[in-house]
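Participant: Quick check, what structure comes out for this input:
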Amino acid sequence: MVSYAMGYLFDKGNSEDIVQDIFVYLWERSESINIESSLKGYLFVMVRNKCLNHLKSIKITDHANVLAMGTILDEAYDLEGFSAEDKSIIYNQVLKIIETLPGKMKQIVKLRFIDNYKYAEIADETGVSVNTVKTQLKRAKEKITHSLVSVVVLLLSSQ
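Facilitator: Here you go, the predicted structure:
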């Protein structure tokens with residue numbers, strides 16, 4: 001959750017404080033809180049809202065909706081509205097981002113998306129569990145999404 005908050009605040013100290021505040025809030029109100037959806041979703045919405053409130057309190061606004069772009073990219077990577085040239089730029093940027101990933105994560109991503117290996121095949125090839133493969137792919141997706149936000153914003157602003 002601290003990493004998620006960092007995506008909004010770009011400040012580890014404030015991100016840690018916000019997450020800690022959320023847990024204190026939940027602890028103090030544990031008797032009265034009724035979460036009807038997923039706990040994970042509830043927590044991440046709380047982090048997002050608290051981050052946005054913090055940014056607002058220090059007079060930082062997001063008129064270009066840059067912070068919302070991460071959510072847009074994460075929902076489906078729907079690139080249909082982009083030209084072939086823009087898609088090529090995004091694809092090449094993804095390849096560059098993959099090259100910057102940590103060693104094992106980069107290997108797992110390449111095996112999955114470039115070589116089309118299945119999870120079990122990747123686990124056998126890399127000597128890790130299938131769950132580790134899934135975790136590494138999830139983390140890689142988050143890193144790629146976060147890194148692509150600025151590229152997509154630039155492409156959208158030039159349309």
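
Participant: can you list the domains in the chain?
Facilitator: With domains defined by automatic domain parsing, the chain comprises 2-57, 72-157.

Participant: Who are the contact partners of the most centrally placed residue in the chain?
Facilitator: What sits nearest the mean C-alpha location of the chain, by C-alpha atoms, centre = their mean, is Glu142, with 3.4 Å. With contact set as C-beta atoms under 8 Å, 6 or more residues apart in numbering, Glu142 has these partners: Ser3. All C-beta atoms are positioned from the backbone trio N, CA, C, and that covers glycine.

Participant: quick one: what helix or strand has it in it?
Facilitator: Glu142 belongs to helix 130-157 when assigned by DSSP states H and E.

Participant: what about the chain, any weak spots by pLDDT?
Facilitator: 59-83, 150, 152-159 (pLDDT under 70).

Participant: can you map out the helices along it?
Facilitator: Listed in chain order, the helices of the chain (DSSP state H) span 2-9, 12-28, 39-57, 66-76, 84-100, 103-109, 119-126, 130-157.

Participant: Can you mark which positions in stretch 132-143 are buried?
Facilitator: Residues Thr132, Val133, Gln136, Leu137, Arg139, Ala140, Lys143 are the ones in stretch 132-143 that count as buried (16 or more other C-beta atoms under 10 Å).

Participant: should've said stretch 8-21
Facilitator: Tyr8, Leu9, Asn14, Ser15, Asp17, Ile18, Val19.

Participant: same deal with stretch 94-106?
Facilitator: The neighbour-count check on stretch 94-106 (16+ other C-beta under 10 Å) flags Val94, Ile97, Ile98, Leu101, Met105, Lys106 as buried.

Participant: is it possible to export those to TSV including distance to Tyr119?
Facilitator: As requested, the buried residues of stretch 94-106 are exported to TSV (distance: C-beta to C-beta, whole Å):
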residue	distance to Tyr119
Val94	20
Ile97	21
Ile98	18
Leu101	18
Met105	14
Lys106	17
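
Participant: Widest-spaced pair of those?
Facilitator: The span of the buried residues of stretch 94-106, defined through C-beta to C-beta, is set by Val94 and Met105 at 14.0 Å.

Participant: mind listing what Lys50 touches?
Facilitator: Lys50 neighbours (C-beta under 8 Å, 6+ apart): Ala5, Ile18, Asp21, Ile22.

Participant: cutoff 7 Å now
Facilitator: Ile18, Asp21, Ile22 (C-beta atoms under 7 Å, 6 or more residues apart in numbering).
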